[in-house]
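> any chance you could fold what I've pasted below:
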Amino acid sequence: MDIDDHIYINKRPIMPRKKDGAGDQHSVYLWRWKRHFPTAAVCLGLLCVLLLAWIIGLLLYQRNQLTSFDTLTKERDQIQTSYNTPTKVRDQLQTSYNTLTKERDQLQTSYNTLTKERDQLQTSYNTLTKERDQLQTSNNTLTKERDQLQTSYNTLTKERDQLQTSYNTLTKERDQLQTSYNTLTKERDQLQTSYNTLTEERDQLQTSSNTLTKERDQLQISSNNLTKERDQLQTSFNTLTKERCPDGWKKLGSSCYYVSTETKSWEESRQDCRNRGADLVVIKSEDDQTFVNWLCGVKNYVWIGLTDSVSEGTWKWVDDTPLTTKYWNSKDPNGGGAENCVYFYSWSSDTGEWWDYDCSYKYRWICER
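Predicted structure coming up:
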């Protein structure tokens, strides 16, 4: 460029000169400036365009930064608001929880005194204490994780739901305990009234008992005297009734025994004995058992005077005395609904054994008078 300009300048036309020579120098400079002006103008324009582009880019970048900043500011405010809301709810629930815990402890004490369920309520108290410690741990965790607002928000929401559930549960338990307390109080008052009434009745009965005891002692003395007289009369009667059993009857001691030759139901057998002025045989000793076994013969079945037809499972003799001495076989009585009467099964050389069976079945029988 410089070389071409130099050549071009050397080949420039001869310009007129002024007298003082200054005009010629000025014309040369003016001519050079006019020749390089387009190039300079283009460079300056490009520089202006680049500068403008840089300014526009900078403005766009700053605008994006401001938009992002505003967005982040709004998100931060929303998250902060969301964090503050469950925190307040949690604090309110914590306050409610503490209040309910105090009420529960008061009801716990009253309920323990009245219902004697101290151990169960102690377990509930321990459970609430553990829950309280868990809540304290959760609160410490929230304090440490305050920078992670979104995570803290989710955790607080879950804890709020758990506290709400616990609050509802404790409210129900408190109401139930209050109801139980009121019920127990009423029952206690009723029992106290009943106790007072029973105490008065007991005192009256004690007085009556003392009176009856004295009368009983007097009657016992009279009974003993009558018993002695009866025994004397019985001895005299036995002496008089020796060898006086009806024909076909066998005698043992002061009793006579009849063994049937036909078969009937238990009720029919007993009625036959009554018609003969007797009743079905009663066995109250080993001698009676051995004698009845001898009367039956070998391997025979006979009805005896033992039944539980009046009260299932309560065996009584026909003379209304309870069963004491027992000779059941190993499988009886088996509690069968229809097996309310007892037959005697005789063996060849021992005392025999008893079986409970259906009263309608027909066996032989033994009468005693």
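> and stretch 131-146, what's buried?
Within stretch 131-146, the residues scored as buried using 16 or more other CB atoms under 10 Å are 131, 135, 138, 142. In this view, the C-beta of every residue, glycine as well, is placed from N, C-alpha and C.
> can I get the CA coordinates of that stretch in PDB?
Provided in PDB are the C-alpha atoms of stretch 131-146 (Å, rounded to 0.1, in the frame of the first residue of the first chain):
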ATOM      1  CA  GLU A 131     -42.800 -39.900  70.300                       C
ATOM      2  CA  ARG A 132     -41.900 -36.700  72.000                       C
ATOM      3  CA  ASP A 133     -38.200 -37.600  71.700                       C
ATOM      4  CA  GLN A 134     -38.700 -38.400  68.000                       C
ATOM      5  CA  LEU A 135     -40.300 -35.000  67.500                       C
ATOM      6  CA  GLN A 136     -37.400 -33.300  69.300                       C
ATOM      7  CA  THR A 137     -35.000 -35.100  67.100                       C
ATOM      8  CA  SER A 138     -37.000 -34.100  64.000                       C
ATOM      9  CA  ASN A 139     -36.900 -30.500  65.200                       C
ATOM     10  CA  ASN A 140     -33.100 -30.600  65.600                       C
ATOM     11  CA  THR A 141     -32.800 -32.000  62.100                       C
ATOM     12  CA  LEU A 142     -35.000 -29.200  60.700                       C
ATOM     13  CA  THR A 143     -32.700 -26.600  62.400                       C
ATOM     14  CA  LYS A 144     -29.600 -28.100  60.900                       C
ATOM     15  CA  GLU A 145     -31.200 -28.500  57.400                       C
ATOM     16  CA  ARG A 146     -32.600 -25.000  57.200                       C
END
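> centre of the chain to that stretch, how far?
Chain-centre distance of stretch 131-146: 31 Å, with CA atoms, centre = their mean, to the nearest Å.
> picking up where we left off before, just put the buried residues of stretch 131-146 in JSON lines and tack on distance to residue 65.
Listed next are the buried residues of stretch 131-146 as JSON lines, based on distance: CB to CB, whole Å:
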{"residue": "131", "distance to residue 65": "49"}
{"residue": "135", "distance to residue 65": "43"}
{"residue": "138", "distance to residue 65": "39"}
{"residue": "142", "distance to residue 65": "33"}
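> closest to residue 200 out of those?
residue 131 (50.3 Å; CB to CB).
> got the phi and psi for residue 305?
Torsion angles at residue 305 (phi, psi; degrees, to the nearest 10) stand at phi -90, psi 50.
> what lies in contact with stretch 320-339?
282-286, 289, 306, 308, 312-317, 345, 351-359 (CB atoms under 8 Å, 6 or more residues apart in numbering).
> need the buried residues of stretch 131-146 in a markdown table (columns: distance to residue 327 and secondary structure).
Converted to a markdown table, the buried residues of stretch 131-146 look like this (distance: CB to CB, whole Å; DSSP: H, G, I helix; E, B strand; the rest coil):
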| residue | distance to residue 327 | secondary structure |
| --- | --- | --- |
| 131 | 67 | helix |
| 135 | 74 | helix |
| 138 | 76 | helix |
| 142 | 83 | helix |
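> pLDDT check: weakest of the residues you listed?
The member of these with the lowest pLDDT is residue 142, at 79.
> what's near enough to touch that residue?
87, 152, 155, 156.
> name the element the residue nearest the centre of the chain belongs to?
For the chain, residue 120 is the residue whose C-alpha lies nearest the centre (CA atoms, centre = their mean; 11.3 Å). Secondary structure assigned from DSSP states H and E places residue 120 in helix 118-144.
> beyond that helix, next helix or strand please.
helix 149-241.
> toward the C-terminus, what is the element adjacent to that following helix?
Toward the C-terminus from helix 149-241 - assigned by DSSP H and E - lies strand 250-252.
> tell me what the helix or strand following that next one is packed against?
On the C-terminal side of strand 250-252, the closest following helix or strand by DSSP H and E is strand 255-259. Contacts defined by 3 or more CB pairs under 8 Å, 6 or more residues apart in numbering; DSSP states H and E place strand 255-259 against strand 250-252, helix 286-296, strand 364-368.
> contacting residues for the spatially closest residue to residue 171 that is not a sequence neighbour?
Once flanking residues are discounted, residue 171 sits nearest to residue 100: 6.7 Å by CB to CB, 6 or more residues apart in numbering. Shown in contact with residue 100 (CB under 8 Å, 6+ apart): 167, 170, 171, 174.
> 10 Å instead?
Neighbour list for residue 100: 128, 166, 167, 169, 170, 171, 173, 174 [criterion: CB atoms under 10 Å, 6 or more residues apart in numbering].
> repeat that for residue 187.
residue 114.
> sorry, back to before: so which of the buried residues of stretch 131-146 is the closest to residue 202?
Of the buried residues of stretch 131-146, the one sitting nearest to residue 202 (CB to CB) turns out to be residue 131, at 49.4 Å.
> residues contacting the closest residue to that closest one other than its chain neighbours?
What sits nearest to residue 131 in space, not counting adjacent residues and going by CB to CB, 6+ apart, is residue 166, at 6.5 Å. By CB under 10 Å, 6+ apart, residue 166 lies in contact with 93, 96, 97, 100, 101, 128, 131, 132, 135.
> check residue 103 too.
If you count contacts by CB under 10 Å, 6+ apart, residue 103 has them with 170, 171, 174, 177, 178.
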